[in-house]
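Asker: Need a 3D model of the sequence below.
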Amino acid sequence: MKIVIPKYRAISRNKTTRKHWTAYNKEKDSVVALIRCYAKHKKYTHPVCITITAFFEGKKHIDVSNIDDKIYVDAIRYAGIIDDDNVFYNPIVIKRCVVFAGDDRVEVEIHEIGYRDWE
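Answerer: I've put the predicted structure just below:
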């Protein structure tokens, strides 16, 4: 499943780690609402690989290591797409950045993997 959040700038880990947990939860709730809005109604019950791709217009990008993957994985869990975000359900998270001429956006791809694929 691919979830595309248009006209949305990826959240930086620098922004979320310095916030109080209530501010983080507010930010997470807004991402949950976006995920629910743009996601197809699918639920995964087996382990998944989640790829988060941040598209940045021009030179206004952040380092790939600063993309806060936790907030997106938490949002996918709270949106009900995966049961849990522990190592048994979500063993692989990949982050990517793409700089291009266009509006900022975030794409989240979820692929179910077999249990043997990551052992």
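Asker: So which residues of the protein form strands?
Answerer: 2-6, 48-57, 92-100, 105-112 (DSSP state E).
Asker: Which parts of the protein are helices?
Answerer: 13-17, 21-38, 69-78 (DSSP state H).
Asker: any idea which of those is most buried?
Answerer: Of the helices of the chain, the one with the most neighbours on average (mean count of other Cβ atoms under 10 Å) is helix 69-78, at a mean of 20. (Glycine included, C-beta is placed from N, CA and C.)
Asker: tell me the average confidence for that helix?
Answerer: Confidence over helix 69-78 (mean pLDDT, whole number) is 92.
Asker: Mind listing residues that contact it?
Answerer: For helix 69-78, the surrounding residues in contact (Cβ atoms under 8 Å, 6 or more residues apart in numbering) are 11, 16, 24, 27-28, 31-32, 34-35, 50, 52, 82-85, 90, 93, 95, 106, 108, 110.
Asker: quick revisit: redo the strands of the chain as CSV? Include mean pLDDT and mean neighbour count.
Answerer: Compiled in CSV, the strands of the chain are given as follows (pLDDT from 0 to 100; neighbours: other Cβ atoms under 10 Å):
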stretch, mean pLDDT, mean neighbour count
strand 2-6, 93, 16
strand 48-57, 92, 20
strand 92-100, 90, 14
strand 105-112, 94, 18
